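Engineer: structure, please.
(one chain, ligands or ions: 2)
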Amino acid sequence: MTQTITVIRGDGIGPEIMDATLRVLDAMNVGLQYEFADAGLVALEKHGELLPASTLESIRTNRIALKSPLTTPVGEGFSSINVELRKRFDLYANVRPAKSFPNTKSRFPSGVDLVTVRENTEGAYIGEGQSLSEDGETAVLQQKVTRRGSERIVRYAFELARRTGRKKVTVVHKANILKSTSGLFLRTARTVAQEYPDIECNEMIVDNCCMQLVMKPEQFDIIVTTNLFGDIISDLCAGLVGGLGLAPGANIGTDAAIFEAVHGTAPDIAGQGKANPCALLLGAAQMLDHLAMPEQAERLRKAIITTLEEKDSLTPDLGGSGNTTSFADAIIRRL
Ligand code: ATP
Ligand code: MG
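Structural biologist: Ligands and ions are numbered 1, 2, ... in the order given. From the prediction side, this is the model:
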């Protein structure tokens with residue numbers, strides 16, 4: 001069976017890491033076909049718009065996209081193409097695994113294996129209802145949390161736990177202070193949790209969660225939280241395990257899912273062939289999980305881990321003297 005996916009090569013280091021990633025996927029023979037679509041600066045130059053209708057159509061049809069980082073030039077209509085994609089396809093779950101990897105200059109080279117599930121469509125992060133008084137002295141931001149939005153993200157977290165054999169879901173909130181919004185999220189989470197007696201569920205206030213993450217990250221398995229808290233916590237988690245070059249993310253909705261690297265276009269090293277392709281490769285592994293190919297996903301992760309362990313052809317950000325291509329080749333050898 002072949003599955004067609006939309007591939008967005010992106011800007012900056014995007015094309016380099018995408019080419020490396022597709023080469024690895026090809027070597028795995030997982031039966032994927034690629035439909036290339038443009039977005040970002042490349043699309044603006046070629047089609048006169050950042051997010052062409054043909055790209056949206058491709059994602060709508062294939063329902064799965066693998067995407068490199070994109071540049072959103074200032075003053076081109078959107079504040080961010082990534083945010084725009086999330087809105088267009090109602091990609092309500094932002095799923096960011098953070099796992100310790102060997103030979104990364106990180107605080108936790110072992111022991112961390114957690115997933116942050118962040119609500120992606122509501123809450124303070126959306127920036128709805130923002131205003132500044134005429135004298136510029138008072139700023140207001142409204143935040144909206146709904147039962148429906150809370151329920152579907154918490155349910156996603158529990159289903160993910162079941163599907164991937166994880167044991168615990170931690171609901172992160174600030175319901176003691178933000179009684180209405182965070183309160184609704186927490187109450188909804190408690191109700192959903194009752195349907196999953198097989199999965200342990202605990203609750204943690206967000207400030208305490210940050211401290212716990214830094215001191216004892218091994219206690220976490222899946223974290224589920226609202227948009228802004230999830231934004232901050234998932235970057236904190238990426239930092240625990242070695243930073244941007246190794247952090248993948250998925251944006252998942254009912255009708256489409258987009259898999260990506262968390263980092264940006266890294267213009268400082270673009271075109272030099274030294275970008276680390278791991279984050280996008282790990283995003284591809286998440287995609288394989290999502291496509292019900294968990295053995296292939298694991299095969300890819302294992303090959304990456306072994307390559308890191310043996311320090312074979314690593315890119316300069318990991319202290320190696322290899323490049324994007326040699327790193328990908330080293331991973332292919334270990335598949
Ligand atoms: P953008 O505006 O697109 O977010 P940025 O300038 O913020 O780009 P990031 O991509 O967020 O850059 O990266 C921040 C730093 O991390 C840069 O110095 C970049 O070179 C480095 N970096 C990011 N991704 C990688 C990668 N895959 N491999 C190596 N270094 C990376
Ligand atoms: Mg950036």
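
Engineer: got any ranges where the chain has weak pLDDT?
Structural biologist: Scanning the chain for pLDDT under 70 picks out the ranges 1.

Engineer: is the closest residue to ligand 1 within it in a helix, a strand, or coil?
Structural biologist: The chain approaches ligand 1 most closely through residue 264 (2.0 Å), counting by Cβ to the nearest ligand atom. Placement of C-beta: from N, CA and C, glycine included. The three-state assignment at residue 264 reads coil, by DSSP: H, G, I helix; E, B strand; the rest coil.

Engineer: residue 33 now?
Structural biologist: Per three-state DSSP, residue 33 ends up strand.

Engineer: hang on, the residue of the chain closest to ligand 1 packs against residue 69?
Structural biologist: Yes. Counting by Cβ atoms under 8 Å, residue 69 is a contact partner of residue 264 at 5.0 Å.

Engineer: give me the common contacts of the two.
Structural biologist: residue 12 (Cβ atoms under 8 Å, 6 or more residues apart in numbering).

Engineer: residue boundaries of the helices in this protein?
Structural biologist: Counting by DSSP state H, the segments of the chain that form helices are 14-28, 41-47, 53-62, 81-88, 147-164, 181-193, 206-215, 227-240, 278-290, 294-309, 324-333.

Engineer: quick check: angle from the third one to helix 81-88?
Structural biologist: By that I understand helix 53-62. Inter-element angle recorded for helix 53-62 and helix 81-88: 50 degrees (by axes from the mean of the first three to the mean of the last three Cα atoms, to 10 degrees).

Engineer: same check, this time on the longest one
Structural biologist: Interaxial angle of helix 147-164 relative to helix 81-88 (the same axes, to 10 degrees): 100 degrees.

Engineer: restrict helix 147-164 to CA atoms and write it as CSV.
Structural biologist: The C-alpha trace of helix 147-164 is given here as CSV (Å, rounded to 0.1, in the frame of the first residue of the first chain):
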residue,chain,number,x,y,z
ARG,A,147,-15.2,22.5,27.3
ARG,A,148,-15.1,21.1,23.7
GLY,A,149,-11.6,22.3,23.1
SER,A,150,-10.4,21.0,26.5
GLU,A,151,-12.1,17.7,26.1
ARG,A,152,-10.7,16.9,22.7
ILE,A,153,-7.1,17.7,23.7
VAL,A,154,-7.3,15.7,27.0
ARG,A,155,-8.9,12.8,25.1
TYR,A,156,-6.1,13.0,22.6
ALA,A,157,-3.5,12.7,25.4
PHE,A,158,-5.2,9.7,26.9
GLU,A,159,-5.6,8.0,23.6
LEU,A,160,-2.0,8.7,22.8
ALA,A,161,-1.0,7.1,26.1
ARG,A,162,-3.0,4.0,25.4
ARG,A,163,-1.8,3.7,21.8
THR,A,164,1.9,4.1,22.7
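
Engineer: how far off centre is it?
Structural biologist: 16 Å (Cα atoms, centre = their mean, to the nearest Å).

Engineer: which residues touch that helix?
Structural biologist: The contact list for helix 147-164 (Cβ under 8 Å, 6+ apart) reads 92-93, 95, 115, 117-122, 166-169, 171, 184-185, 188-189, 191-193, 195-196, 198-199, 221-222, 224, 226, 252, 289, 294.

Engineer: hey, which of the helices of the chain is tucked in deepest?
Structural biologist: helix 278-290 (a mean of 25; mean count of other Cβ atoms under 10 Å).

Engineer: residue 253: neighbour count?
Structural biologist: The number of residues packed near residue 253 is 18, by other Cβ atoms under 10 Å.
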